[in-house]
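> Quick one, structure for this:
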Amino acid sequence: MALNIISKAIKHVQSNPQVVRENGCAACHVLFVLAEEMNVSEQDASDLLSEVLSKSSNLDDEFIAMVENIHMKKRMMGNVFAIKTRESKDKYIDSNFKNTIAEIHSDLINYGPDVTLRKLLISLISLEIAKNIGTDYHASTEELYHYMRRNHQDTNKELMVFINQLYQIIIRMKINYD
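Model prediction:
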């Protein structure tokens, strides 16, 4: 059922890109459609979307093509921000700064340091990809997830090696300071 909903939502966006609101995210649109039609939370829909895309490489390819089309070809998302006043820009950045810190804190409490650190690492990698290929963050995140789904074992191993090394350094530093 989820596969059909996702496929239908992707086809709908591909045939009518305007269904994704002006500054909306194509991937999020599919996620929200899935959450609504399956009557599940956004987090459950996100897990389900990832699971379905991991199991269906054709659908995963369609999904990433849809994201690339909306975020890279159909729009230039930075223009709206660039024309705002400095005060508006600062308010927007302040709001996002505080919301992000609150979200990371919530993740730390609810999911623990491993999941939080993994999320931070993926965010940084996505940002680097966006910066290096000249696209927006949503598109680079979806590209990264697409890559990670196709190379799950290798990418997971690399993330875990880094996380374990970081913890070892933190422990050594704590021992040296105590």
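
> From now on I want contacts and neighbour counts done on CA atoms only, so please keep to that.
OK.

> State the mean pLDDT of stretch 112-131.
Across stretch 112-131, pLDDT averages out at 91.

> likewise stretch 87-95?
Per-residue scores along stretch 87-95 average to 88.

> ditto for stretch 166-178
Rounded mean pLDDT across stretch 166-178 is 87.

> try stretch 56-67
On average, stretch 56-67 scores 88.

> Tell me which residues are up against that stretch.
Stretch 56-67 has contacts (C-alpha atoms under 8 Å, 6 or more residues apart in numbering) with 7, 10, 13-14, 26-27, 53-54, 139, 142-143, 146.

> So what's the gap between it and the chain middle?
In terms of C-alpha atoms, centre = their mean, to the nearest Å, the centre of stretch 56-67 is found 15 Å from the chain centre.

> Quick check: of the contacts of stretch 56-67, which has the highest neighbour count?
residue 26 (28 neighbours; other C-alpha atoms under 10 Å).

> Helix or strand: which one has the most centrally placed residue in the chain?
The centre of the chain sits closest to residue 141, judged by C-alpha atoms, centre = their mean, with a distance of 4.6 Å. Here residue 141, judged by DSSP states H and E, is contained in helix 137-150.

> what about residue 70, how many neighbours?
Neighbours of residue 70 using other C-alpha under 10 Å come to 22.

> Wait, it touches residue 24, no?
No - counting by C-alpha atoms under 8 Å, residue 70 does not reach residue 24; the two are 9.5 Å apart.

> of the contacts of stretch 56-67, closest to residue 119?
residue 142 (13.7 Å; C-alpha to C-alpha).

> what sits against the closest one?
27, 64, 67.

> mind listing what's buried in the one helix or strand the last one maps to?
Looking back up the chat, that one is residue 67. Element membership for residue 67, per DSSP H and E: helix 57-68. Buried residues in helix 57-68, counted by 16 or more other C-alpha atoms under 10 Å: 59-60, 62-68.

> Check stretch 127-139 too.
127, 129-130, 135-139.

> From the opening residue of that stretch to its closing one, how far?
End-to-end span of stretch 127-139 (C-alpha to C-alpha, to the nearest Å): 10 Å.

> What of stretch 30-45?
End-to-end for stretch 30-45, by C-alpha to C-alpha: 10 Å.

> Columns distance to residue 32 on top of the buried residues of stretch 127-139, output as TSV?
Below are the buried residues of stretch 127-139 laid out as TSV (distance: C-alpha to C-alpha, whole Å):
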residue	distance to residue 32
127	23
129	25
130	23
135	23
136	20
137	19
138	15
139	17
